[in-house]
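Asker: For reference, the sequence and a predicted model appear below.
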Amino acid sequence: MIYQLDFWKTEEESRLDSIVKNVEAVKQSSDKVRKGIYARHGELYKKYVDLEERFQILERNICHGSPKIS
C-alpha cells in the first residue's frame, strides 16, 4: 500500500505553533527590556557615586573652612 503524507498542518497544530511563536517573542522582548534596565541601572549607579564623591569634597571644603579660591 502506498500512503500519501499530509504536509499541511491541521488548524489545531497551527494555532499551537502561533502561540509558541508569540510566547517566544514575548520572552525575547522581556529579555531585551531586562538587559536595558540593568544597563541603565549601571549608568545611574556610576553617576550616583560620582555625585556622592563631589558632594563629599564640597562638604569637606565648606564645613572645614579650607577655602581654595584662586
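Answerer: Alright, I've got the coordinates. Numbering: from 1, shown residues only.

Asker: Where does Ile2 sit: helix, strand or coil?
Answerer: Put simply, Ile2 is coil when judged by DSSP: H, G, I helix; E, B strand; the rest coil.

Asker: Identify the residues contacting it.
Answerer: If you count contacts by Cβ atoms under 8 Å, 6 or more residues apart in numbering, Ile2 has none. Quick note: C-beta positions are derived from backbone N, CA and C, even for glycine.

Asker: For it, give its distance to Lys32.
Answerer: Distance, Ile2 to Lys32, by Cβ to Cβ, to the nearest Å: 50 Å.

Asker: Stretch 46-65: how far from the chain's middle?
Answerer: Remark: stretch 46-65 is offset 30 Å from the chain centroid, using Cα atoms, centre = their mean, to the nearest Å.

Asker: For it, give the mean pLDDT please.
Answerer: Averaged across stretch 46-65, pLDDT comes to 92.

Asker: Only alpha carbons, please: show stretch 54-61 as PDB.
Answerer: In PDB, the C-alpha atoms belonging to stretch 54-61 read as follows (Å, rounded to 0.1, in the frame of the first residue of the first chain):
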ATOM      1  CA  ARG A  54      31.800  65.500  44.600                       C
ATOM      2  CA  PHE A  55      29.400  66.300  47.400                       C
ATOM      3  CA  GLN A  56      31.900  65.000  50.000                       C
ATOM      4  CA  ILE A  57      34.600  67.200  48.500                       C
ATOM      5  CA  LEU A  58      32.300  70.300  48.600                       C
ATOM      6  CA  GLU A  59      31.200  69.500  52.200                       C
ATOM      7  CA  ARG A  60      34.700  69.000  53.300                       C
ATOM      8  CA  ASN A  61      35.800  72.300  51.800                       C
END
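
Asker: In that stretch, which residues are buried?
Answerer: Counting neighbours by 16 or more other Cβ atoms under 10 Å, one finds that stretch 54-61 has no buried residues.

Asker: Mind jotting down where the helices sit in the protein?
Answerer: For the chain, the helices defined by DSSP state H cover 11-63.

Asker: Check Tyr38 and give its pLDDT.
Answerer: Per the predicted model, pLDDT is 97 at Tyr38.
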